[in-house]
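**Student:** Coordinates only, no sequence provided:
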């Protein structure tokens, strides 16, 4: 299956990506010449990992009719100061009061199924060409 994403260079340092009927705009912070008007590509990358995990947590709870009132997630990340490459993601899932003990390990396994994270573990090949 092949899909495409159309990239457009906007004003200043903004760049947009359109796919599946949605357009996502990115910008750079002031310190890098942008206006800080939109998330950076790295912000979106990190958000895709975090929100993917959150969707799996939600699906797990909904499929078992477990209330999500009070459920939350925080993701802390660390980057190498020299290379700026991410070195660690730490997901912290806050469970709602009364969350069944018997489901805790299964919930962690479900969240760990995030296909965005799995994609990093088996990276695709990259090809760049001028057309």
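**Tutor:** Received, thanks. Computed from a prediction, not measured in an experiment: that's the story for all the values here. Numbering: from 1, shown residues only.
**Student:** The longest helix along the chain packs against which elements?
**Tutor:** Assignment by DSSP state H gives helix 41-63 as the longest helix of the chain. Here helix 41-63 touches strand 22-26, strand 72-79, strand 86-94, helix 104-111, helix 115-121, going by 3 or more CB pairs under 8 Å, 6 or more residues apart in numbering; DSSP states H and E. Every residue, glycine included, has its C-beta placed from N, CA and C.
**Student:** List the buried residues for that helix?
**Tutor:** 46, 49, 50, 52, 53, 54, 56, 57, 60, 61 (16 or more other CB atoms under 10 Å).
**Student:** Who are the contact partners of the fifth one?
**Tutor:** Taking CB atoms under 8 Å, 6 or more residues apart in numbering as the definition of contact, the neighbours of residue 53 are 73, 75, 91, 111, 114, 117.
**Student:** which of these lies closest to residue 12?
**Tutor:** residue 75 (28.5 Å; CB to CB).
**Student:** Tell me the bridge partners for that closest one.
**Tutor:** Residue 75 has these beta-bridge partners by DSSP bridges: residue 91.
**Student:** Enumerate every residue touching it.
**Tutor:** 46, 49, 50, 53, 89, 90, 91, 92.
**Student:** ok, now with 7 Å
**Tutor:** Going by CB atoms under 7 Å, 6 or more residues apart in numbering, residue 75 touches 50, 89, 90, 91.
**Student:** likewise residue 24?
**Tutor:** 16, 17, 44.
**Student:** so who does the first one touch?
**Tutor:** Contacts were defined as CB under 7 Å, 6+ apart; by that measure residue 16 touches 8, 10, 23, 24, 25.
**Student:** And stretch 6-24, end to end?
**Tutor:** Stretch 6-24 has an end-to-end distance of 11 Å (criterion: CA to CA, to the nearest Å).
**Student:** Name the residues of it that are buried.
**Tutor:** Those would be 13, 14, 15, for stretch 6-24 by 16+ other CB under 10 Å.
**Student:** Ok, stretch 23-32 next?
**Tutor:** Neighbour count says stretch 23-32 has 26, 27, 28 buried, by 16+ other CB under 10 Å.
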